[in-house]
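Chemist: Give me a 3D structure for the following:
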Amino acid sequence: MSSSSPEIVLTSSPDGPIVAYDASSGSIVAQFTGSRSPRRGLTVVGKDFGKTYIAASHISPTTASGSIHLYNWWSSTAFHNLPVPEPVAPLAASFDGLYLFAGGISGSVHTLSVPSGNVLKSLPAHNKPVTCLGVNHDESLLISGGDDGTIAIVPIFQLVGDSGCENVEDLILHKFAAHSDSVTAIVSGTGLCYSQIISCSTDSTCKFWSLRRGTHLRTVVFPCTISGIALHPTEPEFYAAGSDGSVHIGSFMIGSRKLVIQGNDLMTLPHTHSGAVVSVVMLNGGRNLVSASEDGSVWIWEVGVGQVIMALGNEMASISDLVSATGISYNKGHGSEVGKSSAKESAKCDDIGFSCEELIMSMPARQMIEMEDLLKVAAKDRSRAIDTLESAIAIYEKLLELILKEAKKGTHSSKQR
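Modeler: Below you'll find the model as predicted:
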């Protein structure tokens, strides 16, 4: 398996550290400690070095209180502990890394600014705990699934700005009863028409929906609970994480494969995990698939032949989530030292990403503190600039309202004459 930029696979656990693997070699390149992360509680925030973080939901084993841990790539411990109004599980982030969305046990979706952690808005989207979150391809919509079987679609500008609207129904674009049981994952984007989404559930179905209208398009029935979906970027296929330990393959196009299971276009990869598959992720332009199981096993598949080509090191007794980070390069000579406190004396920053690890770790403590202070100032300046822009937009909106009112008055007066 080769790629122009190494792809990183991260796994979280309710029992142990977050582990980052080089997907091409299978070696551990980082470990991040201190988080006990529930299902769907792991995400990568942002894509640019210096702005890229790992976010993990954390449930305290002693108090059961919730928070979100933020990690830098070059440190094994969280640099920020974000307080949240309630325990949260599923996480999603805006592509620019400015906002983090967290699903709470009350059914509310909380929007936080990054890296400050300020809670911008809490939206009661579901009647039961939020179970999954996703952002659509153009970052305009947040899609949430609940334990009550409902799906809510919300414009992101309603969550990050001061819309001035307090009515929840006015903030939500669509909300509908999608499944008879808990929604486990929602995907959209690459490999699928951008106006559609797929949801899966513990009711053993995957359903296709119109993103614009919120209407049902198609149902695919599986022989077991489906916990996650990965879309093939170039083929009309999707891969489903089964509670039976198998990875099932479905098709976007009806009739494109031989009907083998319950009259649906389904196939199953030949090898089976000993525990339920919790998540699947596509890598390397669709040539490889990664599956992670509750039993702690992580397998990399060659999609073309349907065979496991690599088993990643089993560092945890159980796995709660699996995500990938693309476009991040690192010095492969680091091995498992990335993310640990030790650092070598010399390094070359030849590329943006993990290749800067040694350079940063070799800085004096004072210089590191000064860099962090500069980043904090830059973040505050950016926040002030955003506030100024939002204020200007609000003023223009008020001016437009006044102009419209005056225009309507003038029209009404002319009609009376």
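Chemist: And Leu402, how close does it get to Ile395?
Modeler: Leu402 sits 11 Å away from Ile395, going by C-beta to C-beta, to the nearest Å. Every residue, glycine included, has its C-beta placed from N, CA and C.
Chemist: could you point out which element follows whichever strand or helix holds Thr111?
Modeler: Assigned by DSSP states H and E, Thr111 belongs to strand 108-113. Using DSSP H and E, the helix or strand that follows strand 108-113 towards the C-terminus is strand 119-124.
Chemist: and the closest residue to Gly41 other than its chain neighbours, what are its bridge partners?
Modeler: What sits nearest to Gly41 in space, not counting adjacent residues and going by C-beta to C-beta, 6 or more residues apart in numbering, is Ser57, at 3.1 Å. Counting by DSSP bridges, Ser57 is bridged to Ile68.
Chemist: Give me the neighbour count for Ser57.
Modeler: Other residues near Ser57 come to 29 when the count uses other C-beta atoms under 10 Å.
Chemist: hmm, back to that, which strands or helices does the strand holding Thr111 pack on?
Modeler: Helices and strands touching strand 108-113, by 3 or more C-beta pairs under 8 Å, 6 or more residues apart in numbering; DSSP states H and E, are strand 99-104, strand 119-124, strand 130-135, helix 156-160.
Chemist: that older thread, now the residue nearest to Gly41: how far from Ala92?
Modeler: Counting by C-beta to C-beta - Ser57 and Ala92 are separated by 11 Å.
Chemist: Then Gly228?
Modeler: Here the criterion is C-beta to C-beta. By it, Gly228 lies 14 Å from Ala92.
Chemist: And for Ser297?
Modeler: In terms of C-beta to C-beta, Ser297 sits 26 Å off from Ala92.
Chemist: which of these two has more neighbours?
Modeler: More crowded of Ser297 and Ala92, by other C-beta under 10 Å: Ala92, with 22 against 19.
Chemist: Can you classify the residue nearest to Pro61 when sequence neighbours are not counted by secondary structure?
Modeler: Nearest non-adjacent residue to Pro61, counting by C-beta to C-beta, 6+ apart: Arg36, 5.9 Å away. Three-state assignment for Arg36 (DSSP: H, G, I helix; E, B strand; the rest coil): coil.
Chemist: Arg36: what's it in contact with?
Modeler: By C-beta atoms under 8 Å, 6 or more residues apart in numbering, Arg36 lies in contact with Ser13, Pro14, Asp15, His58, Ile59, Ser60, Pro61.
Chemist: Now list the buried members of the residues you listed.
Modeler: Buried members of those, counted by 16 or more other C-beta atoms under 10 Å: Ser13, Pro14, His58, Ile59.
Chemist: So what pairs up with the residue sitting nearest the centre point of the chain in the strands?
Modeler: With distances taken as C-alpha atoms, centre = their mean, the residue of the chain nearest its centroid is Ala92 (3.8 Å). For Ala92, the beta-bridge partners are Phe101 (DSSP bridges).
Chemist: and it, how far is that from Met310?
Modeler: Taking C-beta to C-beta, one finds Ala92 at 28 Å from Met310.
Chemist: try Asn167
Modeler: Separation of Asn167 from Met310 (C-beta to C-beta): 51 Å.
Chemist: Now do the strand holding Thr111: distance to the chain's middle.
Modeler: Centroid separation for strand 108-113 versus its chain: 14 Å, with C-alpha atoms, centre = their mean, to the nearest Å.
Chemist: Using CSV, write down the CA coordinates of it.
Modeler: The C-alpha trace of strand 108-113 is given here as CSV (Å, rounded to 0.1, in the frame of the first residue of the first chain):
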residue,chain,number,x,y,z
SER,A,108,-28.6,18.4,22.6
VAL,A,109,-25.9,19.2,20.1
HIS,A,110,-23.3,21.6,21.5
THR,A,111,-21.1,23.9,19.3
LEU,A,112,-17.7,24.8,20.7
SER,A,113,-15.1,27.2,19.3
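Chemist: Mind listing the strands it pairs with, and their directions?
Modeler: Taking DSSP bridges as the criterion, strand 108-113 forms sheet pairs with strand 99-104 (antiparallel), strand 119-124 (antiparallel).
Chemist: related to what we said a few turns ago, closest one of the buried ones among the contacts of Arg36 to His126?
Modeler: Using C-beta to C-beta, Ile59 comes nearest to His126 of the buried ones among the contacts of Arg36, at 19.1 Å.
Chemist: Against Thr272, how distant is the nearest residue to Ile229 once chain neighbours are set aside?
Modeler: Excluding its sequence neighbours, the residue lying closest to Ile229 (C-beta to C-beta, 6+ apart) is Val187, at 4.8 Å. As judged by C-beta to C-beta, Val187 and Thr272 stand 23 Å apart.
Chemist: Have a look at the two and say which one is more surrounded.
Modeler: Between Val187 and Thr272, counting by other C-beta under 10 Å, Val187 is the more crowded of the two (22 against 14).
Chemist: Report whether that one is found in a strand, as I expect.
Modeler: Yes - Val187: assigned to a strand according to three-state DSSP.
Chemist: Just to check, it is in contact with Ile198?
Modeler: Yes - counting by C-beta atoms under 8 Å, Val187 does reach Ile198; the two are 5.3 Å apart.
Chemist: and for these two, which residues touch both?
Modeler: Both Val187 and Ile198 are contacted by Ile229, Leu231, Phe238, under the criterion C-beta under 8 Å, 6+ apart.
Chemist: got TSV for the residues you listed, with neighbour count and distance to Ser116 too?
Modeler: Output for these, formatted as TSV (neighbours: other C-beta atoms under 10 Å; distance: C-beta to C-beta, whole Å):
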residue	neighbour count	distance to Ser116
Ile229	22	32
Leu231	21	33
Phe238	24	37
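Chemist: if you go through the stretch 151-300 of the chain in chain order, where are the helices?
Modeler: For the stretch 151-300 of the chain, helices defined by DSSP state H, counting those that start in this stretch occupy the ranges 156-160, 168-171.
Chemist: Just the terminal-to-terminal distance for stretch 67-85.
Modeler: The first and last residues of stretch 67-85 sit 9 Å apart, counting by C-alpha to C-alpha, to the nearest Å.
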